[in-house]
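Peer 1: Sharing a model that was predicted from the sequence below.
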Amino acid sequence: MYRLFLTLFCGFALGIGQNLYAQNTKPILRIVTDSVYLGTPIRMSLSYTHNQFEEVIFPDSSYNFSPFEWVRKNYVSTRTKGMNSTDSACYELRTFNMDTIQSIALPVFLIDENGDTTRTLSNEVSVKLSFIVNTDSLNKVSQNVQQNIKSNTAYAKLKRLPQSVLYVLAVLGVLLLVGSVFLLFNKNIRRAYQIRRLRRQYERFKQDFENVTRQEKTSKTTESALLLWKTFLEKLEEKPFTSYTSKEILTVLSDDSLVEPLKNLDRAIYGSMINENTQTALDFLKNYAANIYDHKMTEVQNA
């Protein structure tokens with residue numbers, strides 16, 4: 001039932017995206033969730049209208065949706081009208097960020113008939129985070145306080161409360177201790193955080209890459225593996241590798257060992273030339289990513 005609702009919602013968003021295509025050729029991102037709360041799913045639709053002979057790739061679980069986190073994605077069947085096709089997908093994301101206003105724009109990767117990849121960014125949409133307050137409980141507390149208030153105008157002699165002074169000193173001591181630890185170990189804390197983040201990124205890439213490469217070798221699965229590899233390099237090197245062609249990647253990395261593997265993968269993706277060289281090229285990319293990860297980890301550990 002839930003998937004049916006999500007599919008119907010995608011179809012509704014897709015119809016609106018087709019109507020807007022005449023005015024806007026960019027991908028169209030819409031938020032349909034009325035109220036956004038911390039940690040609850042936020043439904044978004046992404047649609048893109050393009051030439052029917054072009055191939056389009058939408059972001060998946062390997063993409064960085066910051067400040068949001070991935071929950072799931074549901075595709076809608078491609079709709080073709082004349083020479084144009086409209087692809088659409090529904091996303092469910094969630095956020096644990098405490099910022100009241102949070103924004104996001106999603107890319108679409110377009111592969112033309114020459115095999116070149118173009119990254120097109122959608123419009124930016126924003127959500128306003130709502131914080132839940134239980135009004136009934138608040139009213140009950142207020143009523144109890146009012147009922148228990150008693151008027152007393154008699155003079156009351158204040159007693160000394162030495163324990164309160166001890167509490168204040170204890171709190172100040174804890175704050176001073178925490179501040180001292182942070183100042184002394186700030187560099188180590190940041191290094192540990194970076195190491196943990198790098199390790200999680202690599203483990204996620206390795207698992208996703210192996211899952212894709214274990215499948216039957218087709219142009220589609222080979223292209224998905226190459227995109228995972230580009231996305232991982234993009235996060236490590238902070239360069240837009242997902243929008244680079246093979247030729248541009250070779251220019252940026254300046255590594256001749258990548259020439260033949262990337263050529264073999266281009267032949268497999270755009271020429272359907274699947275053979276033993278395809279698996280060899282994928283294994284090379286996996287080892288290449290591991291070497292870059294090791295090098296980056298060493299830099300962080302020695303910083």
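Peer 2: Okay, I see it.
Peer 1: Tell me the neighbouring strands of the helix or strand where residue 74 lies, and mark each as parallel or antiparallel.
Peer 2: Here residue 74 is covered by strand 69-81, with elements defined by DSSP states H and E. Here strand 69-81 is paired, per DSSP bridges, with strand 84-94 (antiparallel).
Peer 1: Could you tell me the end-to-end distance of stretch 75-87?
Peer 2: 8 Å (CA to CA, to the nearest Å).
Peer 1: for stretch 111-123, same thing?
Peer 2: 20 Å.
Peer 1: ok, and what's touching it?
Peer 2: 24, 26-29, 46, 48, 53-57, 105-110, 223, 240, 242-245, 266, 269-270 (CB atoms under 8 Å, 6 or more residues apart in numbering). All C-beta atoms are positioned from the backbone trio N, CA, C, and that covers glycine.
Peer 1: Give me the PyMOL select line for those residues, limited to the buried ones.
Peer 2: This is the PyMOL syntax for the buried subset of the contacts of stretch 111-123, where burial follows 16 or more other CB atoms under 10 Å:
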select buried, resi 27+28+29+46+48+55+56+57+106+107+108+109+110+223+242+243+244+266+269+270
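Peer 1: So which of the contacts of stretch 111-123 belong to helices?
Peer 2: 223, 266, 269, 270 (DSSP state H).
Peer 1: Could I get the buried residue list for the strand holding residue 74?
Peer 2: 70, 73, 74, 76, 79.
Peer 1: ok so, going back, narrow the contacts of stretch 111-123 to those in strands?
Peer 2: 28, 29, 46, 48, 55, 56, 57, 107, 108, 109, 110 (DSSP state E).
Peer 1: Would you check which pair of these lies furthest apart?
Peer 2: With distances taken as CB to CB, the most widely separated pair in the ones in strands among the contacts of stretch 111-123 is 29 and 55, at 20.1 Å.
Peer 1: show me the contacts for residue 265.
Peer 2: So residue 265 contacts 222, 226, 246, 278, 281, 282, 285 (CB under 8 Å, 6+ apart).
Peer 1: and which of the ones in strands among the contacts of stretch 111-123 is nearest to residue 100?
Peer 2: Out of the ones in strands among the contacts of stretch 111-123, the member with the shortest distance to residue 100 (by CB to CB) is residue 29, at 20.1 Å.
Peer 1: Could you list the buried residues of stretch 217-234?
Peer 2: 217, 219, 221-234.
Peer 1: returning to what we had before: least confident of the buried residues of strand 69-81?
Peer 2: Among the buried residues of strand 69-81, residue 76 carries the lowest pLDDT, at 83.
Peer 1: May I have the beta-bridge partners of that one?
Peer 2: On the basis of DSSP bridges, residue 76 is bridged to residue 88.
Peer 1: Test my guess that it contacts residue 90.
Peer 2: Yes. Under the criterion of CB atoms under 8 Å, residue 76 makes contact with residue 90 at 7.1 Å.
Peer 1: ok, and the closest non-adjacent residue to residue 103?
Peer 2: Nearest-residue entry for residue 103: residue 126, 4.3 Å, with adjacent residues in sequence omitted and distances by CB to CB, 6 or more residues apart in numbering.
Peer 1: Also residue 60?
Peer 2: residue 73 (6.4 Å).
Peer 1: Same question for residue 288.
Peer 2: Setting aside the residues directly before and after it, residue 288 is nearest to residue 258 in space (CB to CB, 6+ apart), at 7.0 Å.
Peer 1: Count the residues that sit near the one you found.
Peer 2: For residue 258, the neighbour count with other CB atoms under 10 Å is 17.
Peer 1: do residue 168 as well
Peer 2: Quick note: residue 168 (other CB under 10 Å) scores 10 neighbours.
Peer 1: if I've got this straight, it is in a helix?
Peer 2: Yes. Assigned with DSSP: H, G, I helix; E, B strand; the rest coil, residue 168 falls within a helix.
Peer 1: which ones are touching the residue nearest to residue 288?
Peer 2: 249, 250, 284, 288.
Peer 1: picking up where we left off before, just the closest of the ones in strands among the contacts of stretch 111-123 to residue 209, please.
Peer 2: Once CB to CB is applied, the member of the ones in strands among the contacts of stretch 111-123 that ends up nearest residue 209 is residue 57, at 16.1 Å.
Peer 1: how does the chain divide up, domain by domain?
Peer 2: 2-130, 185-302 (automatic domain parsing).
Peer 1: Let me have the contacts of residue 265 in TSV, adding distance to residue 122, secondary structure and pLDDT as columns.
Peer 2: Below are the contacts of residue 265 laid out as TSV (distance: CB to CB, whole Å; DSSP: H, G, I helix; E, B strand; the rest coil; pLDDT from 0 to 100):
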residue	distance to residue 122	secondary structure	pLDDT
222	26	helix	93
226	23	helix	93
246	26	helix	90
278	32	helix	93
281	32	helix	93
282	30	helix	94
285	28	helix	94
